[in-house]
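**Q** here is a sequence together with a model predicted from it:
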Amino acid sequence: MSADLGFVHRYLPGEDESSPTLLLLHGTGGNEEDLIPLGQELAPGAAFLSPRGKVSEYGAPRFFRRLAEGVFDQEDLLLRTHELAEFVEAASAEYGFDRSKLVAVGYSNGANVAASTILLHPGLLRAAVLFRAMVPFEPDLTPDLSGMPVFLAAGRMDRMIPPDNTQRLADILDEAGADVDLRWRDTGHPLTYEEVGEAKEWLSEVLPKLSSAQDRGK
């Protein structure tokens, strides 16, 4: 665990200093352990930074409050997104990982806070794998996400997320210049092995292309 840094979390170093770091963001009711096996499947040898959401919904950890299913507390979302960004920056200083190779992997609530972080803190994350993500908010100003690779995995039969909501998120990211790869499957909210395999293949192509911070600037 080492330092708390504002979040209960796990950090597992990568194979070497050049390894990418996956920011693992769990769904409602998960914790800092939940997505580590997924991360190890997606990117063997990577470092993993896995925080636990600080909001409790009837005892279930989340990354921000919601007023009802699919209805987000926008004020809390804003606050928690900034907190998460500060945590990532503090963790980078604490553990010494290369922020130019930081990739978010989020599921459901974790994917939503990752999407919010992408929109509010462009440049903090260099790529993202978002499983079952929704629009966190409609941005007033379109951020510059030029060339940022984003993998979205969605289920056409997901009872928690209307397909047009995920499509709108893809459109927002695309309008901001991100390189969006939206994959649909005839499935519900739970993840499938096929999607994990697709995300792994996608990451195997994206991770080697992540340039250093010196090359791209801040």
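**A** Thanks, I have the structure now. Numbering: from 1, shown residues only.
**Q** when you work out contacts or count neighbours from here on, use the C-alpha atoms and nothing else.
**A** Will do.
**Q** quick one, helices of this structure?
**A** Secondary structure of the chain by DSSP state H: the helices cover 36-42, 74-95, 109-120, 163-175, 193-206, 213-216.
**Q** export the ones you listed to JSON lines and tack on mean neighbour count, mean pLDDT and distance to Leu102?
**A** Shown next, in JSON lines, are the helices of the chain (neighbours: other C-alpha atoms under 10 Å; pLDDT from 0 to 100; distance: least, C-alpha to C-alpha, whole Å):
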{"stretch": "helix 36-42", "mean neighbour count": "17", "mean pLDDT": "98", "distance to Leu102": "13"}
{"stretch": "helix 74-95", "mean neighbour count": "16", "mean pLDDT": "97", "distance to Leu102": "9"}
{"stretch": "helix 109-120", "mean neighbour count": "26", "mean pLDDT": "98", "distance to Leu102": "12"}
{"stretch": "helix 163-175", "mean neighbour count": "18", "mean pLDDT": "97", "distance to Leu102": "18"}
{"stretch": "helix 193-206", "mean neighbour count": "15", "mean pLDDT": "97", "distance to Leu102": "12"}
{"stretch": "helix 213-216", "mean neighbour count": "10", "mean pLDDT": "41", "distance to Leu102": "11"}
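**Q** any chance of TSV for the ones you listed, columns distance to Arg66?
**A** Compiled in TSV, the helices of the chain are given as follows (distance: least, C-alpha to C-alpha, whole Å):
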stretch	distance to Arg66
helix 36-42	25
helix 74-95	8
helix 109-120	10
helix 163-175	16
helix 193-206	27
helix 213-216	35
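**Q** quick one: which of these is nearest Pro143?
**A** Among the helices of the chain, helix 109-120 comes nearest to Pro143, with 6.2 Å by C-alpha to C-alpha.
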